[in-house]
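K.L.:
fold the following for me, if possible:
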Amino acid sequence: MLGYVWQYRYRFLIGVIGLACIDMAVLLMPRFIGQAFDALSDGTATRELLTRLCLTMIGIMTCGIFFRFLWRYCFSGVGLKINRDLRQRIFDHLQTMPPEYFDKHRVGDLTAHMTNDVQAVEHSVAFGMLAGADSLVMGSAIIVLMLTENWKLALLVLIPAPIIMVVVRIIGRQIRVLFGNVQEAFSAMNERAQEIFAGIMVVKAYGDEEASLDSFGKEGRAYVDNSIALVRKWAMMGPLIMVVSNLCMALLLWFGGKRIIMGEMPLGTFTKFYMYLGTMTWPMIAISEVINHLERGCASSERIQTILDEESVIKDGKEKVEGQTILEVRDLTYKYPGAVKNALENITCHVAEGETLGIVGRTGCGKTTLVDLCMRLYSPPKGTVLLNGRDVSEYKLDELRGVFGYVPQEPFLFSMTIKDNIRFARPEMDDEEVVYWAKKAFIHEDIMRFKDGYDTWVGERGVTLSGGQKQRIAIARALSLRPRILVLDDALSAVDAETESEILKELGTLRGGATNIIIAHRLSAVKNADRTIVLNNGKIEDIGTHEELKERSPYYKELYMLQSAVIEEGK
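P.N.:
Purely as a prediction, here's the structure:
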């Protein structure tokens, strides 16, 4: 965790200096008051002496206002900057991770790391290290002053002090473990809430609110139980430290009182020791806060570091994509991490520049997997996917993916306006160009029916739009890139047959000479493709034109006859 502080070490050091100045000012007070008590007890006090002492104390504490502001500003500033930097670092790192990483990690858990864990690190710096520095500076200074004043009495009254170290060592370790459990429970609760709200339409449709409440309540109770276990352990530390502090006071009263009675020590020295011990109560109590915040910060820092230490399995290449875009797949076999069965087996095909390739097959046969591997969203085996004769792993990721315009089978719209969603990949697009691409995707008229037109806010994941509207907005977004290879992954499944026909006709005109890959269940979407691949259980069953496949491919023929019958019934 010190690594986070190191880049702001100068600001942190200034804060420590300001804190030390305040502590020294506080520790000067017992000396002045001791002088006053000695003068009053032996009859040497004068108005001038008392006035001088009072004015000196007021002057010191007035100067202390500036230093108090200084250390608070510096420590809080360091904490907030670390919060910002750490969140940005986590976000930047997660952006580099491949989709398979997010297949294994829950969104709620990752969100908890970027909120609660980062906040715990911030608090450990802004308050934990502050209190730690304060305890160290003031505690050390008090011990030195007491030893200088009367070393024998100092050693006697500080006999119980080592108990604090034992308490801190034992309870501190337990706090780190318990806080890790709290953060895990918070992640689970956060994930449950995120999952329920993301699927709120399904929850409502099935009348499953009660079960959702029970599910979330279970996670909430687990979080509370873990938090109470943590608080219970931490709450033990304060009272134990107070007992030690009171023992020190009792020893001072016993040994110091006896020496005053016997005339071996002036009243002023006893007063100084009393005030020193009173002042030392805060550093003793602060130790419990320091350990609490630092151990929490360390536990969260370890959880964050676990994320940052995980490297992407997809490494960036060095080459740029130049010239033609000829895509080739050679004997590709791929299995998802942790899966038992291959998703694809012995796939061999190619797409020349300007061709339109169709891909059809039953659900789960590997259609989406094939195009994901071509774009290196997942990492294909070496030598199995090539672009322009070069393995795709050799290209820079932004160069390779910049070749493709991708419309996934579940189009994702961001919580922003329709206009901003269309120009998401090209923020520099003006309104006129946004309208142009919307018209090409046959969504313009639908947009103009909304009260706010292109400025309509679509809501999270585009919840305010129909499935067909979301698909067409996603198509407009992909077309605006003028991609060299356009991939439509069942991207017309939610539009009616007439609109589908119009879009495909427009694509034929708009993208003449460009490469298209169309994944579909409706054969009408691929009937004009140059070639169509029929996938079955991860293997290529056949490749050919629409006319060829409906004659010789069993699956294609069955699907063609079924869909033709449905069309006839519709007439």
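
K.L.:
can we go C-alpha only for contacts and neighbour counts from here?
P.N.:
OK.

K.L.:
and F273, how many neighbours does it have?
P.N.:
26 (other CA atoms under 10 Å).

K.L.:
three-state assignment of it?
P.N.:
Three-state call for F273 (DSSP: H, G, I helix; E, B strand; the rest coil): helix.

K.L.:
measure it to M138 for me?
P.N.:
Taking CA to CA, to the nearest Å as the measure, F273 falls 14 Å from M138.

K.L.:
how about the contacts made by the residue nearest to the spatial centre of the chain?
P.N.:
Residue closest to the mean C-alpha point of the chain, counted by CA atoms, centre = their mean, is M114 at 3.2 Å. By CA atoms under 8 Å, 6 or more residues apart in numbering, the contact list for M114 reads R87, I90.

K.L.:
from now on call the first residue 45
P.N.:
Okay, residue one is now 45; in that scheme the one you just asked about reads as M158.

K.L.:
got the CA coordinates for stretch 568-583 in CSV?
P.N.:
What follows is stretch 568-583, C-alpha atoms only, in CSV (Å, rounded to 0.1, in the frame of the first residue of the first chain):
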residue,chain,number,x,y,z
SER,A,568,-33.6,-15.0,-46.3
ALA,A,569,-30.7,-13.1,-44.7
VAL,A,570,-28.1,-15.3,-46.4
LYS,A,571,-29.7,-16.4,-49.6
ASN,A,572,-27.8,-13.8,-51.7
ALA,A,573,-24.5,-14.5,-50.0
ASP,A,574,-21.6,-15.7,-52.3
ARG,A,575,-21.2,-18.7,-50.1
THR,A,576,-22.8,-20.0,-46.9
ILE,A,577,-21.2,-22.2,-44.2
VAL,A,578,-23.5,-24.7,-42.5
LEU,A,579,-22.2,-25.5,-39.0
ASN,A,580,-23.4,-28.5,-37.0
ASN,A,581,-22.0,-29.3,-33.5
GLY,A,582,-18.9,-27.2,-34.1
LYS,A,583,-18.1,-28.8,-37.5
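
K.L.:
which residues belonging to it are considered buried?
P.N.:
Buried residues in stretch 568-583, counted by 16 or more other CA atoms under 10 Å: 568-570, 572-583.

K.L.:
for stretch 453-462, same thing?
P.N.:
Neighbour counts over stretch 453-462 (16+ other CA under 10 Å) mark Q453, P455, F456, L457, F458, M460, T461, I462 as buried.

K.L.:
what comes into contact with it?
P.N.:
With contact meaning CA under 8 Å, 6+ apart, stretch 453-462 is reached by 465, 498-506, 514-515, 517-518, 532-535.

K.L.:
now the buried members of these.
P.N.:
Buried members of these, scored by 16+ other CA under 10 Å, are 465, 498, 500-502, 506, 514-515, 517-518, 532-535.

K.L.:
and those residues, which is the shakiest by pLDDT?
P.N.:
In this model, the minimum pLDDT among those belongs to G506 (69).

K.L.:
just checking, I219 touches R276?
P.N.:
No - using CA atoms under 8 Å as the test, I219 is too far from R276 to be in contact (9.9 Å).

K.L.:
looking at these two, which is more packed in?
P.N.:
Neighbour tally, I219 and R276, criterion other CA under 10 Å: the higher count belongs to I219, 24 against 12.

K.L.:
element containing the closest residue to F81 other than its chain neighbours, please.
P.N.:
Closest residue in space to F81, ignoring its immediate chain neighbours: G312 at 5.2 Å, by CA to CA, 6 or more residues apart in numbering. Taking DSSP states H and E as the criterion, the element that holds G312 is helix 311-353.

K.L.:
quick one: that helix to chain centroid distance?
P.N.:
29 Å (CA atoms, centre = their mean, to the nearest Å).

K.L.:
export the buried ones among the contacts of stretch 453-462 to a markdown table and tack on secondary structure and distance to T400?
P.N.:
Compiled in a markdown table, the buried ones among the contacts of stretch 453-462 are given as follows (DSSP: H, G, I helix; E, B strand; the rest coil; distance: CA to CA, whole Å):
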| residue | secondary structure | distance to T400 |
| --- | --- | --- |
| N465 | helix | 26 |
| Y498 | helix | 31 |
| T500 | coil | 34 |
| W501 | strand | 35 |
| V502 | coil | 32 |
| G506 | helix | 29 |
| K514 | helix | 24 |
| Q515 | helix | 20 |
| I517 | helix | 22 |
| A518 | helix | 19 |
| L532 | strand | 11 |
| D533 | strand | 13 |
| D534 | coil | 15 |
| A535 | coil | 15 |
